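# One predicted model, sequence on top.
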Amino acid sequence: VLDEEFWGMGVGIFKDVMKWASEFGHSEIVLHLLDTRPEYKFLSKMAFRVYKSTIFGQHYKSYAIVVPIA
């Protein structure tokens, strides 16, 4: 969850996370976004699985995404 001070920086952060995941050799990542957020169509298109999850009592929409090979 991004602090309000970092709102609007999500796309850049997403690109960095995907780059790091590739560098570390991960084959997939899962992003958990608060279920109060609107659906992110670009994430839904990228994801091989979209599902609801609950972590520590908080509800999320989770996007499982394949990490491209660098």
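Yep, that arrived. Residues are numbered from 1 along each chain as shown.
# All the helices of this structure, residue numbers only.
Under the criterion DSSP state H, helices of the chain are mapped to 10-23, 41-46.
# Quickly list what the residue nearest the centre of the chain is bridged to.
The centre of the chain sits closest to Leu31, judged by CA atoms, centre = their mean, with a distance of 2.7 Å. Assessed by DSSP bridges, Leu31 has beta-bridge partners Tyr63.
# Contacts only, for the closest residue to Leu34 other than its chain neighbours.
Excluding the flanking residues, the one nearest Leu34 by CB to CB, 6 or more residues apart in numbering is Tyr60, at 6.1 Å. C-beta: built from backbone N, CA, C; applies to glycine. Going by CB atoms under 8 Å, 6 or more residues apart in numbering, Tyr60 touches 32-35, 52-54.
# Let's see that with 7 Å instead.
Taking CB atoms under 7 Å, 6 or more residues apart in numbering, we find Tyr60 in contact with 32-35, 53.
# buried sites along stretch 4-19?
Under the neighbour-count criterion of 16 or more other CB atoms under 10 Å, stretch 4-19 has 14, 18 buried.
# So Ile29 versus Phe14, what's the distance?
Separation of Ile29 from Phe14 (CB to CB, to the nearest Å): 10 Å.
# scratch that, Gly57 is what I was asking about
Counting by CB to CB, the gap from Gly57 to Phe14 is 25 Å.
# Please apply the same query to Glu39.
For Glu39, the distance to Phe14 - CB to CB - is 15 Å.
# next one: Gly8
Taken as CB to CB, the span from Gly8 to Phe14 is 12 Å.
# try Glu5
Glu5 sits at a distance of 17 Å from Phe14 (criterion: CB to CB).
# and what of Arg49?
17 Å.
# Which residues are in contact with Ser53?
Contacts of Ser53 by CB under 7 Å, 6+ apart are 32, 60, 62.
# again, but for Glu28
Taking CB under 7 Å, 6+ apart, one finds 64-67 in contact with Glu28.
# Return the member of these nearest to Met18.
Checking these against Met18 by CB to CB gives Val67 as the nearest, at 6.3 Å.
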